[in-house]
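**Q** dropping a prediction and its sequence here:
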Amino acid sequence: MQGYRVRYTLATKLVNELVEAADEKQLNKTIARYGRVDLLCIDELGYMELDRRGAELLFQVLTEREEKNSVAIASNESFGGWTKTFTDPRLCAAIVDRLTFNGTIIETGTDSYRLATTRARTGQAAAS
C-alpha cells in the first residue's frame, strides 16, 4: 500500500524455483528478480533439510540482497537447529552471518497461533 515491493515465499518453494532456474540456465535472471524486491519474506525455513545445491542457491539470493534490501525469515527453529536444514556447517554459518549482520531478531515464542485458534474455537463450540 505504501509502494514497497514485497515478495512472500516458502523456503522450499524458493529453493525449488532456484534449482529449476539453474537447470534452465535462468538462474541469474531469477536471482536478480528476488534481489529487486524491497522486502523478501521467506517462511518455514528450518523445517526441511536442503541439499547442498539448494542451500548454495539460497545463499546466492541472500548474498545478492545483502546490505541492499531487507529479508524477513520465519522459522520455528533456532539458529542452532539450522544445521539440520543446512547440512554443511560452513554454509550454515555463512547464511546465519548474512541474515544477522545489521539485522534484528524478533523471537515471538513457541506457541502455535494455529493451535491456539483451534483450541479457542473448539472450546467455544463445546461451551455453546
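**A** Structure's in. What do you need?
**Q** okay, CA-based contacts and neighbour counts for the rest of this
**A** Fine.
**Q** quick check: beta-bridge partners of the most centrally placed residue in the chain?
**A** Residue closest to the mean C-alpha point of the chain, counted by Cα atoms, centre = their mean, is residue 42 at 2.9 Å. Here residue 42 sits in beta bridges with residue 9, residue 73, going by DSSP bridges.
**Q** now the helices for the chain?
**A** 11-23, 27-36, 52-65, 89-100, 113-127 (DSSP state H).
**Q** same question for the longest one, mean pLDDT?
**A** Okay, so that is helix 113-127. What helix 113-127 shows for mean pLDDT is 72.
**Q** I'd say residue 19 and residue 54 touch.
**A** Yes - the pair residue 19 and residue 54 passes the contact test of Cα atoms under 8 Å, sitting 6.5 Å apart.
**Q** mind checking how far residue 46 is from residue 79?
**A** Counting by Cα to Cα, to the nearest Å, the separation of residue 46 from residue 79 is 9 Å.
**Q** please say which of those two ends up with more neighbours.
**A** Using other Cα atoms under 10 Å, the more surrounded residue of residue 46 and residue 79 is residue 46, with 22 against 12.
**Q** residue ranges with poor pLDDT in the chain?
**A** Along the chain, the parts satisfying pLDDT under 70 run over 109-112, 124-128.
**Q** show me the contacts for the residue nearest to the centre of the chain.
**A** 8, 9, 10, 11, 71, 72, 73, 74 (Cα atoms under 8 Å, 6 or more residues apart in numbering).
**Q** doesn't residue 37 make contact with the fifth one?
**A** What that stands for is residue 71. No - Residue 71 is beyond contact range of residue 37, at 9.6 Å (criterion: Cα under 8 Å).
**Q** pull the CA atoms of stretch 28-35 into PDB?
**A** In PDB, the C-alpha atoms belonging to stretch 28-35 read as follows (Å, rounded to 0.1, in the frame of the first residue of the first chain):
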ATOM      1  CA  ASN A  28      20.900 -15.100 -12.900                       C
ATOM      2  CA  LYS A  29      17.600 -13.700 -14.000                       C
ATOM      3  CA  THR A  30      15.800 -15.400 -11.100                       C
ATOM      4  CA  ILE A  31      18.300 -14.300  -8.500                       C
ATOM      5  CA  ALA A  32      18.100 -10.700  -9.900                       C
ATOM      6  CA  ARG A  33      14.300 -10.800  -9.700                       C
ATOM      7  CA  TYR A  34      14.500 -11.800  -6.000                       C
ATOM      8  CA  GLY A  35      17.200  -9.200  -5.500                       C
END
